[in-house]
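Chemist: can't give you the sequence, but here's the structure:
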């Protein structure tokens, strides 16, 4: 059986990515970071996702990025933008950017893959919706792959670990359709930047999610505090 | 004032590297990992090194790699080789290899550099003594640099962070001479794989250190339990 390390954030994209890996016949080794997020809701969602994908193993890895500051997702002094305009999304690097986050997460995934002799690492980055994040771009992934090909004992011995990004060119609409197709349990996932009982329906992440469901012609089963007019 | 993130392990090489950065006119931002080492002696040494180099800031970053197993330095089930033969060193990947360690450490350093707007990251890897570690090779560093050049907001905005490896082509003898030249306080450093009061004098790391001092025509001021005949 092939093994895949899947980065599971608790969000929708990584859930669909995990189900794609499962569909391709991989045993799932889930990896979730407890990185100093302001709310732990995502981690609980990640646990549900790993369970629903019958993961062989799921590690919640403690890696507290708030040990140094610099992002609104980890630094309590920076306010998360709570009310995003849909036409402003993706135009510049968002304030929710966490320095070198995917570089760090993929590096730890590389170690986890080597320890478990996994063939692949699956990460749910998309170049379409989140073009503002430098470490979600295809050229970043390609460059990380080149580095990984010489960084580990496993690679030196001839067994390279492949970074797989099945969502990289998909829109949110396509991701949602793909997920529902593979019976991914999307109501286990959380996207809102806030950690309340219901999603806010106003932040950038909620807007992109609702827009995706709308365009896919599907209803999002999670509860929202507020629904935009266009939904 | 230019700023440099210096990876300070508590060992001799990173101490000399830090003093080289200082000598080049950088303000020092020290970064030490509490990564699940078996003994904490190295971390205390790292604090002394940072202090002796007048670091502006020194972070002990908790990143417990023993959350997954696979190396004798973090996994208590694998025995550290305690009695190394000098002619066997560097011939193959050592059992003290920690999966993707330098990849992970450099990734966190990249984030720390971005948060502090540092220009450079200094890491004391050497390709000569430790050719067995894949992530100490010049081609690995080059490849990490290429990845770092597109991974961060700072890089996207045109300010690349340079990975500096001033020791990469130096022998232990040359590193020791360089360090003493720059008044690096080498007795603040620890190399032994064991965490006792005195260094064992028998492990690979002790042998390389003692051999370096011998060849440099200097005496190592730290205490050893055992001195090899040739020292």
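Modeler: Alright, I've got the coordinates. Predicted, not measured: the structure shown is a model, and the values here were computed from it.

Chemist: Report how many residues lie close to the closest residue to residue A:1 other than its chain neighbours.
Modeler: Taking Cβ to Cβ, 6 or more residues apart in numbering or on different chains, and ignoring the residues beside it in sequence, residue A:1 has residue A:27 as its nearest neighbour in space, at 4.9 Å. From N, CA and C alone the C-beta is placed, and that goes for glycine too. Here the number of neighbours of residue A:27 (other Cβ atoms under 10 Å in any protein chain shown) works out to 16.

Chemist: Spell out, range by range, the strands that occur in chain A.
Modeler: Per DSSP state E, chain A has strands spanning A:2-7, A:26-34, A:57-62, A:120-122, A:162-164. These are given in chain order.

Chemist: partners of the fourth one, with directions?
Modeler: This points to strand A:120-122. Strand A:120-122 pairs in its sheet with strand A:2-7 (parallel), strand A:162-164 (parallel), by DSSP bridges.

Chemist: okay, the ones you listed, which one's buried deepest?
Modeler: Looking across these with neighbours counted as mean count of other Cβ atoms under 10 Å in any protein chain shown, the highest average goes to strand A:2-7: a mean of 24.

Chemist: Just the angle for it relative to strand A:26-34, thanks.
Modeler: Here strand A:2-7 points in a direction 20 degrees away from that of strand A:26-34 (axes from the mean of the first three to the mean of the last three Cα atoms, to 10 degrees).

Chemist: All the helices of chain A, residue numbers only.
Modeler: A:12-23, A:41-52, A:101-115, A:138-151, A:153-156, A:172-181, A:204-216 (DSSP state H).

Chemist: Adding mean pLDDT, distance to residue B:133 and mean neighbour count, write those helices out as a markdown table.
Modeler: Formatted as a markdown table, the helices of chain A follow (pLDDT from 0 to 100; distance: least, Cβ to Cβ, whole Å; neighbours: other Cβ atoms under 10 Å in any protein chain shown):
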| stretch | mean pLDDT | distance to residue B:133 | mean neighbour count |
| --- | --- | --- | --- |
| helix A:12-23 | 98 | 30 | 26 |
| helix A:41-52 | 96 | 32 | 20 |
| helix A:101-115 | 93 | 13 | 25 |
| helix A:138-151 | 94 | 10 | 20 |
| helix A:153-156 | 80 | 9 | 19 |
| helix A:172-181 | 97 | 39 | 20 |
| helix A:204-216 | 94 | 40 | 21 |
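
Chemist: Compare those helices and give me the one nearest residue B:228.
Modeler: Closest approach to residue B:228 among those (Cβ to Cβ): helix A:153-156, 28.8 Å.

Chemist: what about the closest one and chain B, any contact?
Modeler: Yes - using Cβ under 8 Å from any Cβ of the partner chain, we find that helix A:153-156 touches chain B at A:153, A:155, A:156.

Chemist: ok, back up a step: closest one to residue B:220 among the helices of chain A?
Modeler: Proximity of the helices of chain A to residue B:220 was assessed by Cβ to Cβ; the nearest stretch is helix A:153-156, lying at 30.6 Å.

Chemist: and the closest one, what other elements does it pack with?
Modeler: Packing partners of helix A:153-156 (3 or more Cβ pairs under 8 Å, 6 or more residues apart in numbering or on different chains; DSSP states H and E): helix A:101-115, helix A:138-151.

Chemist: Take those and write them to a markdown table, including distance to chain B.
Modeler: Shown next, in a markdown table, are those (distance: least, Cβ to the nearest Cβ, whole Å):
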| stretch | distance to chain B |
| --- | --- |
| helix A:101-115 | 4 |
| helix A:138-151 | 4 |
